[in-house]
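# Here is a sequence with its predicted model. Questions after.
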Amino acid sequence: MPELPEVETVRRGLAPVMEGALIERAEVNRPDLRWPFPDGMAERLTGRRVLRLGRRSKYLLADLDSQETLLIHLGMSGRMQVSGATIGAFFHDHPAPEKHDHVVLHMEGGGRITFNDARRFGAMDLMPTAGTEEHWLIRDLGPEPLGNAFSAPYLAGRFRGKRTPVKSALLDQGIVAGLGNIYVCEALYRAGIHPARHAGRIGPGRIGALVPIIRDVLTEAIAAGGSSLRDHRQASGELGYFQHDFAVYGREGQPCRTPGCDAPVRRIVQSGRSTFYCPRCQR
DNA sequence: ATGGGGGCCTGCCGGC
DNA sequence: TGCCGGCAGGCCCCCA
């Protein structure tokens, strides 16, 4: 579930409940996710007020009134569920506890934020707010794809001389931070670029087109995630749901959606991960 | 130095 | 029905 658009959707859902609210109690049900939780995490969260909920790439960053920032990563299967609070027009009751509810933030006023992560590829950590950019998970990230630093000249510079497939290059969080397997496939399809093409062998014109395409793909996904906040799935309290409507991702063997092209979408494996593309539209 | 593969976990789905 | 292989939106680490 979580690439940049999903994480941003989760952030937007959580922010109204978390920002300005007091964490009355932090319930920590295991010692780790992918890595051990920081020492005394429950105590360091308890009694703290959340000042602001931000995002860097796929990381949620909750600034606390203790000069510390809580980092949350959703990994592959992490979900944040809000309950006991009014979101939009509806009050969300507390659901029955579920398997893999690893951390629960009990907020002032009865609200709850539950972090559930079956596969435990997610992570949480605490760091000084003043040093978030130096955190080891953050410091090597490339620019935000929706920010000004991500530009055609920048990307051309990073691609220059690279023999790695462009698919892998765009998944490299040090080049651009926030893309994952789905949106890379979708962006390359829209740009008409074959995923196996060496990054260094894409001309400046196509790189110039790719940058706004990446922005569009992500912006549209955020808009779709946002609209799903109002559907019944959201009313059940689940945040970050995104209606899948992809041109190539997950569509192996189905006809390409480009008008006039009905070539079957192909699936290949690159660096151990599925890539979907149209062999006719992408060169 | 850089790129590819393994590994971390659990759940689900399709085939036999 | 049950078992097994394959697959899943991420990312660190190790090795060539």
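Structure received. Residues are numbered from 1 along each chain as shown, chains lettered A, B, ... in the order given.
# C-alpha only now, for contacts and for neighbours.
Fine.
# which element is residue A:251 on?
Assessed by DSSP states H and E, residue A:251 sits outside every helix and strand.
# Let me know the pLDDT of the closest residue to it other than its chain neighbours.
The shortest distance from residue A:251 to any residue other than its chain neighbours is 6.2 Å, reached at residue A:265 (C-alpha to C-alpha, 6 or more residues apart in numbering). Reported pLDDT at residue A:265 in the predicted model: 94.
# is it true that residue A:265 touches residue A:281?
No: in this structure residue A:265 lies outside contact range of residue A:281 using C-alpha atoms under 8 Å: 9.9 Å.
# For stretch A:139-151, list every residue counted as buried.
Buried residues in stretch A:139-151, counting neighbours by 16 or more other C-alpha atoms under 10 Å, are found at A:141, A:142, A:143, A:144, A:145, A:146, A:150, A:151.
# So the first one versus residue A:277, what's the distance?
Same thing as residue A:141. Distance, residue A:141 to residue A:277, by C-alpha to C-alpha, to the nearest Å: 27 Å.
# Mind listing what's buried along stretch A:104-116?
Within stretch A:104-116, the residues that qualify as buried are A:104, A:105, A:106, A:107, A:108, A:111, A:112, A:113, A:114, A:115, A:116, counting by 16+ other C-alpha under 10 Å.
# Is the fourth one bridged to anything, and to what?
This points to residue A:107. For residue A:107, the beta-bridge partners are residue A:23 (DSSP bridges).
# What segments of the stretch 151-283 of chain A are helices?
Secondary structure of the stretch 151-283 of chain A by DSSP state H, counting those that start in this stretch: the helices cover A:152-159, A:166-171, A:181-191, A:204-228, A:232-235.
# Identify whichever of those helices lies nearest to residue A:271.
helix A:166-171 (7.5 Å; C-alpha to C-alpha).
# count of neighbours near the closest residue to residue A:258 other than its chain neighbours?
In space, and not counting its chain neighbours, residue A:258 is closest to residue A:281: 7.9 Å by C-alpha to C-alpha, 6+ apart. Counted with other C-alpha atoms under 10 Å, residues neighbouring residue A:281 total 18.
# Residue A:40 - how many residues pack around it?
Residue A:40: 9 surrounding residues under other C-alpha under 10 Å.
# Which residue comes closest to residue A:60 once chain neighbours are left out?
Leaving aside its sequence neighbours, residue A:60 is closest to residue A:72 (5.0 Å, by C-alpha to C-alpha, 6+ apart).
# show me what contacts the one you found?
By C-alpha atoms under 8 Å, 6 or more residues apart in numbering, the contact set of residue A:72 is A:59, A:60, A:61, A:122, A:123, A:124, A:125.
# so what's the fifth one up against?
For residue A:123, the set of contacting residues under the criterion of C-alpha under 8 Å, 6+ apart consists of A:32, A:33, A:34, A:35, A:37, A:71, A:72, A:73, A:74, A:75.
# The same query, at a cut-off of 6 Å, please.
Contacts were defined as C-alpha atoms under 6 Å, 6 or more residues apart in numbering; by that measure residue A:123 touches A:33, A:34, A:72, A:73.
# Bridge partners for it, pull those for me.
residue A:73.
# near DNA strand C at all, stretch A:12-22?
No: using C-alpha under 7 Å from any atom of the strand, stretch A:12-22 stays clear of DNA strand C, coming no nearer than 14.8 Å.
# Could you give me the buried positions within that stretch?
Under 16+ other C-alpha under 10 Å, the buried positions of stretch A:12-22 are A:12, A:13, A:14, A:15, A:17, A:18, A:19, A:20, A:21, A:22.
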